[in-house]
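> Got a sequence here, can you model it:
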Amino acid sequence: MFCAPWLVNRIGAKNGLIFAGMVMAMRMVASGLVEGPLLISITKLLHAVELPILLVAIFKYNSLNFDKRLSSTLYLVGFACTSSIIASVLSPLAGYSYEKYGFAQSYLIMGLLVFCTTFISIFLLRSGKSSADPLVSQPTAI
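Here you go, the predicted structure:
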C-alpha cells in the first residue's frame, strides 16, 4: 500500500489500471495452475499487490478524466456498488463452474476472462486528460 501512489504516479492512471488487471489475471490463472494449499496461499498474496494499485489508479483516473467533484461519487457507484452487484450475479456462475469443471479449470476460465477484459480496456481507457468537455462544467471564478 505504501508504494502504490508512487507507482501509479510514475506509470500513470491508465497504465496503473491495466497493471492491476494483469496482476489480477495472472493471480487467477496461477491459482488454477498451482497445486496444494501452500502454493495457492502464496498465489493469493498477489492480491496484496493488486488491490492498492487498483484503488489508487481508480481515484487518479477518475480525477483526471472527470470533474473533481464527481470523483468519490464515481468511485462509489462505478466501482463499489457495481462490483457488489456483479459479485452477487457471478457467484452462482462461479459455484456452478466449480461443480462442473473443478477449481483449477474455473480459475483458468476466470483468469482468461479478466485478461480479455483488461486487454479490451487498453483500447477503451483514455490516456490522460481528455480534450472533450468534462461531464459537468467547472464554475469559473472572476
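
> by contact count, what packs against the one helix or strand Ser63 maps to?
Of the helices and strands defined by DSSP states H and E, Ser63 is found in helix 47-65. Packing contacts for helix 47-65, counted by 3 or more C-beta pairs under 8 Å, 6 or more residues apart in numbering; DSSP states H and E, involve helix 4-11, helix 13-33, helix 71-75. The way it works is simple: take the backbone N, C-alpha and C, and place the C-beta from them, glycine included.

> Where does the prediction get shaky in this protein?
By pLDDT under 70, the low-scoring segments of the chain are 129-142.

> deepest of the helices and strands packed on helix 47-65, which one?
Stretch with highest mean neighbour count among those: helix 13-33 (a mean of 20; mean count of other C-beta atoms under 10 Å).

> Export it to CSV, keeping only CA atoms.
Taking only C-alpha atoms (Å, rounded to 0.1, in the frame of the first residue of the first chain), the coordinates of helix 13-33 have been written out as CSV:
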residue,chain,number,x,y,z
ALA,A,13,-3.6,6.1,-14.0
LYS,A,14,-4.5,4.2,-17.2
ASN,A,15,-1.4,2.0,-17.0
GLY,A,16,-2.0,1.5,-13.3
LEU,A,17,-5.4,0.1,-14.0
ILE,A,18,-4.0,-2.1,-16.8
PHE,A,19,-1.2,-3.3,-14.5
ALA,A,20,-3.6,-4.1,-11.7
GLY,A,21,-5.8,-6.0,-14.2
MET,A,22,-2.9,-8.0,-15.5
VAL,A,23,-1.8,-8.9,-11.9
MET,A,24,-5.4,-10.0,-11.2
ALA,A,25,-5.5,-12.1,-14.3
MET,A,26,-2.0,-13.6,-13.5
ARG,A,27,-3.2,-14.4,-9.9
MET,A,28,-6.3,-16.1,-11.1
VAL,A,29,-4.6,-18.2,-13.8
ALA,A,30,-1.8,-19.1,-11.3
SER,A,31,-4.4,-20.2,-8.8
GLY,A,32,-5.7,-22.6,-11.4
LEU,A,33,-2.2,-23.9,-12.3
